[in-house]
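Student: sharing a model that was predicted from the sequence below.
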Amino acid sequence: MMLDDYVRLSIIIIFVSSVQGTKQGKPNVLFLVVDDLRPALGAYDYPMLKTPNIDQFASHSVKFENAHAQQTVCGPSRTSFLTSRRPDTTRLYDFGSYWRTHAGNFTTLPQHFKQSGYFTYSIGKVFHPGICSGHHDDFPYSWSEPAYHPPTQKYKMKPTCPGDDGRGHVNLLCAVNVTTQPEQSLPDIQSAEHAVEMIKKLSNSQSEQPFFLAVGLHKPHIPYKFPQEFLDLYPLDKMDLAPYPNIPKFMPLVAYSSWPRLFVREDFKALNVSFPFGPIPWEFQKKIRQHYYASVSYMDSMIGKVLNELENSGLADNTVISLISDHGWSLGDHGDWCKYENFEVVTRVPVIVHLPPSISQTAPSSDGGGNLFPFVDVFKNRHLRFHKGPTSSSLIELVDLFPTLSELASLEVPPICPQDPFNVDFCTEGASFVRQLNNAIKETEMKKDGKLHFVPALHDDDEDEGKSAVFSQYPRPSEYPQQDTDLPNLKDIKIMGYTMRTHHYRYTEWVKFDPTTFTADFMTVHARELYLHDSDPLEIYNVADFPLYHHLVERLRVKLIAGWRYALPKRSS
């Protein structure tokens, strides 16, 4: 660790120790955020993926199978879940504005904890850096001290990837010998090391002030830059292709995203792939998937180091731990290689929540009474598997995290935002899923005791299971893919794709959008999509224009236009 890091940590702990906590007994929160992670984890039934540390964590936590992001790009998604407001309220669809000056002075999740007596601190990528978090990660509103960013992140677009010519390149595929890299390290290694040191300092502090520690890891975001040994976990001859790697016949082109972010990388540019539809050569597709998987295993090891230290420090017994991704990523699904769309593969995210025994007597615990989160070296335990922990199939959204963590910490839970939310600082456009979390734990315990033999089928309007639908959206500058299809500037947005996922269907409408008034015109529809998830989980067959489904489309359209308020659990609405 660099001298500046030790100075930073010393200053922080002086701050923590000087403020005696007024909320004695409150649980700590470890908020883990991963970038561009689809649920490609062993715990989510991806047997090819080697993620023993997250799998182990999930076995002692509650895993949510139906969690969705509100927009599938980093800045808008993170602003959304950290403020518990949807993109049409934050008015951030790109990276060009800061919600406090552009939309409203909305209270954030860490800000609420800070105002409730917590020490709050950010490591790595939590808020999206730059203008959309005020160029300062929303400090001092959200954080007790300025956020930490790993110094080596500044080399993201530098020629540090090894090439056959012996020179450095700016590549998409970038397995490296870490000792040859600037500062002999990588961003997630530095963030994990800083988190470990921070946890040690917090555990040694005499203060009783609880903490909210957010740790954001960059991988598996492109470029796929990671220690080269992780590539050995995924031999290229064992790599698969996407289950449906073609552009579906009935998919409207407005739903398809081109991938210009890949074309700026030297190794991809050398393929001379045609824009906007490709295709990418099969062999390179396998290499992309191989490098994504290796990036995930690398990230898993960093998560394991942080969780191990939390337990070794003695803090795990009173710390709520959540692990999420900001959105998913397409690995050739529908012929796509990005995240800028409205399909399941990019809206669906892993959400895993661990309750400590201090707040839940029925929380998942160690089977043998030992440590819950010992670090697992994936190279020594390549085939290690863990038992399944409690699982919930309830529909939840990332905007639900704010009220959920508030309730778990016994803080004030933000009320539902009014129809005009812009002048209300403290409110939510989500709903707490604590009830669903507790139900999953209790159901698992009853199964273990042999008291539960039949679980009734879920229905879209099942009140006990929470929401009847979840919502996401994505902007487009045009119907036909072009260079800025993936990330149009606000002024260029002409179409907004609103998508709704129920337990059985995904329904999407691409409608006219006015970026000056932030309003959608549902009377001007460019395209519709309907996918029947019971028979088409990969969302290949768009049946929106089939006469057989006309009445279903009309029913789902009414629900989509009515919006999220009418899909809330009845107890929340």
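Tutor: Arrived safely.

Student: show me which strand runs longest in the chain.
Tutor: Selection of the longest strand in the chain by residue count, based on DSSP state E, yields strand 519-532.

Student: now do it, average pLDDT.
Tutor: Strand 519-532 shows a mean pLDDT of 98.

Student: could you check how far the longest helix belonging to the chain is from the centre of its chain?
Tutor: Scanning the chain for the longest helix, with DSSP state H as the assignment, gives helix 282-312. Relative to the chain's own centre, helix 282-312 is displaced by 15 Å; criterion: C-alpha atoms, centre = their mean, to the nearest Å.

Student: and what of stretch 554-567?
Tutor: Offset of stretch 554-567 from its chain centre (C-alpha atoms, centre = their mean): 25 Å.

Student: then that stretch to CSV, C-alphas only?
Tutor: Output of stretch 554-567 as CSV, limited to C-alpha atoms (Å, rounded to 0.1, in the frame of the first residue of the first chain):
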residue,chain,number,x,y,z
GLU,A,554,-53.4,-4.6,-24.6
ARG,A,555,-53.5,-5.7,-21.0
LEU,A,556,-49.8,-5.5,-20.5
ARG,A,557,-49.7,-2.1,-22.3
VAL,A,558,-52.2,-0.7,-19.7
LYS,A,559,-50.0,-2.0,-16.9
LEU,A,560,-46.8,-0.6,-18.5
ILE,A,561,-48.2,2.9,-19.0
ALA,A,562,-49.7,2.9,-15.4
GLY,A,563,-46.1,2.3,-14.3
TRP,A,564,-44.3,1.2,-11.1
ARG,A,565,-46.7,2.7,-8.6
TYR,A,566,-49.4,0.3,-9.6
ALA,A,567,-47.1,-2.7,-9.4
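
Student: pairing partners for the residue sitting nearest the centre point of the chain in the sheet, please.
Tutor: Nearest to the mean C-alpha position of the chain, by C-alpha atoms, centre = their mean, lies Ser325 at 1.6 Å. Judged by DSSP bridges, the bridge partners of Ser325 are Val34.

Student: how close does it sit to Ala67?
Tutor: Distance of Ser325 to Ala67, computed by C-beta to C-beta, to the nearest Å: 9 Å. C-beta: built from backbone N, CA, C; applies to glycine.

Student: before we move on, what about Gly430?
Tutor: As for Gly430, its distance to Ala67 is 11 Å (criterion: C-beta to C-beta).

Student: state the pLDDT value of Ser366.
Tutor: Reported pLDDT for Ser366: 51.

Student: same question for the one 3 residues further on.
Tutor: Each residue has a pLDDT score; the one for Gly369 is 54.

Student: then Ser17?
Tutor: We have a pLDDT of 43 for Ser17.

Student: and for Lys494?
Tutor: Looking at Lys494, its pLDDT reads 98.

Student: tally of neighbours for it?
Tutor: Per other C-beta atoms under 10 Å, the neighbour tally for Lys494 reads 16.

Student: low-confidence ranges in this structure?
Tutor: 1-24, 361-370, 449-465, 572-573 (pLDDT under 70).

Student: can you give me the buried ones in the longest helix of the chain?
Tutor: Within helix 282-312, the residues that qualify as buried are 284-312, counting by 16 or more other C-beta atoms under 10 Å.

Student: before we move on, what about stretch 310-328?
Tutor: 310-313, 315-316, 319-328.

Student: could you pull out the helices for the stretch 51-200 of the chain?
Tutor: 52-59, 74-83, 87-90, 99-102, 109-115, 187-204 (DSSP state H, counting those that start in this stretch).

Student: OK, contacts around the closest residue to Thr89 other than its chain neighbours?
Tutor: The spatially closest residue to Thr89, leaving aside those adjacent along the chain, is Pro421, at 5.4 Å (C-beta to C-beta, 6 or more residues apart in numbering). Contact analysis of Pro421 by C-beta atoms under 8 Å, 6 or more residues apart in numbering lists 85, 89, 104, 427, 429.

Student: which pair of these spans the longest distance?
Tutor: Pairwise distances among the contacts of Pro421 were taken by C-beta to C-beta; the largest, 12.1 Å, belongs to Gly104 and Glu429.

Student: the more surrounded of those two?
Tutor: Each of Gly104 and Glu429 has its neighbours counted (other C-beta under 10 Å); Glu429 has more, 27 against 18.

Student: which residues touch that one?
Tutor: Per C-beta under 8 Å, 6+ apart, neighbours of Glu429: 84-86, 89, 399, 416-417, 421, 564.

Student: and it, how close does it get to Phe422?
Tutor: 12 Å.

Student: which neighbours do the two have in common?
Tutor: Contact criterion C-beta under 8 Å, 6+ apart; residues shared by Glu429 and Phe422: Thr89.

Student: how near is Thr179 to Ile189?
Tutor: 12 Å.
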